[in-house]
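Student: Here is my input, please return the structure:
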Amino acid sequence: MINNKGMNRLKTQAEGLTILLIDIVSLFVLFHLSVFIRTDLLPSIYPGFPRELPFSSFVNIWWVFIIWVFFFYYEGLYTKRFSFWDEIKALYSVSFFSTVGIFTIASIGKLSDEISRTVIILMGLFSFLLLPLIRISSKKFLRKLGFFKRRVLILGAGRTGELIATALKKEPNYGYEVKGFLDDDPEKLGKTIEGVKIHKGVDKALSYINRCNIEDIFIAMPGAGKERLQWLVNSLQHKVERILFVPDIFGIAVLGTNLQHFFHEEVLAFEIENNLSNPFNIFIKRCFDVVVSSLLIPFLSIPMAIMIVLIRLDSKGPAIFNQERIGKRGRTFKCFKFRTMYADAEDRLVRLLKNDPEARQQWERNWKLNDDPRVTRIGRFLRTTSLDELPQIFNVLKGEMSLVGPRPVTQDEIEKYYKDMAERCFCVPPGITGLWQVSGRSNTSYDYRITLDLWYVRNWNIWLDIVILFKTIKIVIKREGAY
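Tutor: Numbering: from 1, shown residues only. Modelled structure (predicted):
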């Protein structure tokens, strides 16, 4: 008779084989799409491309698929669980290294008689778009059927346990399914977190593991004490597949943090790097800003010209205005924006704050107003779509701003920052977009916006910039959290 552990192992193996099969099918689709374009489309566009390919059968190119699968495995895509964006990042790495590897082997090995280099490049290019789409959509469908899920028990129903449950709910790509909480506080018994019931007795974890077929455990009990935490880890480690321990350290860098271990002393240490202290990383970020901005300007020029005309027709005044903002290392610069307010905006604000206590409180709290009478009709549209910030792309080219970074604030707003907070936030150029824009924007408090800016600076890497840009596009299209 197969026990729960055996069933879980068989399920994991079946899931691994299923996703491997999906990857292989995806690669065949990409390969044949590339062959079709190479043999049917490109020769029609450029006669220099012969319609015949050098290989005559799959026997000649089987090794290409082996290399792709090897990089899938190397990136941990069959052994680890990823968040949505981390999985996309891993798939992009697979696409890049597989394409480079195959192209290199074909060139050095003089295998042009066996495989078309054009097909290799086309397959790599299509994989950047289609691989994440196919793989993540397939896993999402399979999760609805009950696959790629892990039954989780959380020990600790305090603030830390609640944070973990919320995080797992927001990131379904992990596949973690919280089945219950265990806590020793009798006042929490029977209550729920994210719709999941809290049960009494952390020491009863083993019975819950067996009864509910728990696969993984999160220990979220930062105040439990060293000896008890040690006992829990040691007693439960061999009863589940994984134990995930959540330490009582918040507000530090998490992206790129590595775990170092010292074997004989049985000691662990977190290695936390300051990415933005590395001149090479600063250079990469600047190159990214310049290249992407230069590519965007030709596409944005016509929409921006149309906006200038609409702004001038809607109300008197210049279409673009500049405002002094705080930049890198506290230096001020002129930040460009499309004008969204009437020419007498400041007078209107003074009258409103004097006569409306509720508006005054909102202004003092957020430095913004939800129903701002200073905003013009076209200005309201520009704000809800964030298109008013498009001229800042010229600030990026001048080196005063970055595509992604902390918010560019005024001198008056700096008073809301503690001195060390301001220094940390503005050790990099401010950004056109940033974490606050993709985390609720106007629905977030001012203090939380500062916290997000600090998190960005502590955790910066180039992939984080890419993720924020993609999320910004989604937020702008849906007009979420704007006014």
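Student: can we go C-alpha only for contacts and neighbour counts from here?
Tutor: Fine.
Student: so what secondary structure elements neighbour the helix ranked longest in the chain?
Tutor: As assigned by DSSP state H, the longest helix anywhere in the chain is helix 279-314. Helix 279-314 is packed against helix 377-385, helix 392-398, strand 402-404, with contacts defined by 3 or more C-alpha pairs under 8 Å, 6 or more residues apart in numbering; DSSP states H and E.
Student: Pairing partners for the very next helix or strand once past that helix, with directions?
Tutor: The helix or strand immediately downstream of helix 279-314 is strand 320-326, counting by DSSP states H and E. Looking at strand 320-326 with DSSP bridges, its partner strands are strand 332-338 (antiparallel).
Student: Identify the residues contacting the strand it pairs with?
Tutor: For strand 332-338, the external contacting residues (C-alpha atoms under 8 Å, 6 or more residues apart in numbering) are 308, 319-327, 387-392, 394-395, 400.
Student: Show me which of those are buried.
Tutor: Among those, those that count as buried by neighbour count (16 or more other C-alpha atoms under 10 Å) are 308, 319-320, 325-327, 387-392, 394-395, 400.
Student: can you give me the strands in the stretch 1-150 of the chain?
Tutor: Taking DSSP state E, counting those that start in this stretch to define them, one finds strands in the stretch 1-150 of the chain at 150-155.
Student: Check the stretch 151-300 of the chain too.
Tutor: Going by DSSP E, counting those that start in this stretch, the stretch 151-300 of the chain shows strands at 176-183, 192-193, 196-200, 216-219, 242-245, 258-262, 267-271.
Student: got these as TSV, with mean neighbour count, distance to V292 and mean pLDDT columns?
Tutor: Conversion of those to TSV gives the following (neighbours: other C-alpha atoms under 10 Å; distance: least, C-alpha to C-alpha, whole Å; pLDDT from 0 to 100):
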stretch	mean neighbour count	distance to V292	mean pLDDT
strand 176-183	22	36	92
strand 192-193	16	43	88
strand 196-200	19	44	89
strand 216-219	23	41	92
strand 242-245	16	39	88
strand 258-262	11	30	72
strand 267-271	11	32	72
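Student: Which one, of those, ends up nearest to T104?
Tutor: Nearest to T104 among those is strand 258-262 (31.4 Å), distances taken as C-alpha to C-alpha.
Student: what's that closest one in contact with?
Tutor: 267-272.
Student: Please apply the same query to stretch 201-209.
Tutor: Here stretch 201-209 has contacts from 153, 155-156, 182-184, 214-215, 236, 239-240, using C-alpha under 8 Å, 6+ apart.
Student: how far away is K191 from F181?
Tutor: In this view, K191 and F181 are 10 Å apart by C-alpha to C-alpha, to the nearest Å.
Student: which neighbours do the two share?
Tutor: Jointly contacting K191 and F181 under the rule C-alpha under 8 Å, 6+ apart are 197-198.
Student: returning to what we had before: adding distance to D465 as columns, could you present the strands of the stretch 151-300 of the chain in JSON lines?
Tutor: As requested, those are arranged in JSON lines below (distance: least, C-alpha to C-alpha, whole Å):
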{"stretch": "strand 176-183", "distance to D465": "27"}
{"stretch": "strand 192-193", "distance to D465": "32"}
{"stretch": "strand 196-200", "distance to D465": "34"}
{"stretch": "strand 216-219", "distance to D465": "30"}
{"stretch": "strand 242-245", "distance to D465": "28"}
{"stretch": "strand 258-262", "distance to D465": "20"}
{"stretch": "strand 267-271", "distance to D465": "22"}
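Student: Identify the bridge partners of V196.
Tutor: Beta-bridge partners recorded for V196 (DSSP bridges): I193.
Student: Return the residues in contact with it.
Tutor: 178-181.
Student: from these, which is closest to I108?
Tutor: Of all these, V178 has the smallest distance to I108: 51.1 Å, by C-alpha to C-alpha.
Student: just checking, the closest one touches A165?
Tutor: Yes: V178 is within contact range of A165, at 7.2 Å (criterion: C-alpha atoms under 8 Å).
Student: any idea how far W463 is from S127?
Tutor: Distance from S127 to W463, by C-alpha to C-alpha: 18 Å.
Student: Hmm, I typed the wrong one, I wanted V25.
Tutor: In terms of C-alpha to C-alpha, V25 sits 28 Å off from W463.
Student: Now do the residue nearest to F147 when sequence neighbours are not counted, the pLDDT please.
Tutor: If the residues on either side of it in the chain are set aside, F147 comes closest to E15, at 6.9 Å by C-alpha to C-alpha, 6 or more residues apart in numbering. Looking at E15, its pLDDT stands at 87.
Student: low-scoring stretches of the stretch 351-483 of the chain, by residue?
Tutor: 363-371, 418-420, 440-444, 479-483 (pLDDT under 70).
Student: Which stretches in it count as helices?
Tutor: 357-366, 377-385, 392-398, 419-425, 446-459, 462-478 (DSSP state H, counting those that start in this stretch).
Student: Output the below-cut-off pLDDT ranges for the stretch 51-200 of the chain.
Tutor: In the stretch 51-200 of the chain, residues with pLDDT under 70: 51-60, 112-113.
Student: And the helices in it, which stretches?
Tutor: Using DSSP H, counting those that start in this stretch, the helices of the stretch 51-200 of the chain run over 62-74, 84-108, 117-144, 159-170.
Student: Domain map for the protein?
Tutor: Per automatic domain parsing, the domain ranges recorded for the chain read 4-144, 150-250, 277-340+375-478.
Student: would you turn the ones you listed into JSON lines with distance to T257?
Tutor: Converted to JSON lines, those look like this (distance: least, C-alpha to C-alpha, whole Å):
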{"stretch": "domain 4-144", "distance to T257": "14"}
{"stretch": "domain 150-250", "distance to T257": "13"}
{"stretch": "domain 277-340+375-478", "distance to T257": "9"}
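Student: what pLDDT does S26 get?
Tutor: With respect to pLDDT, S26 has a value of 95.
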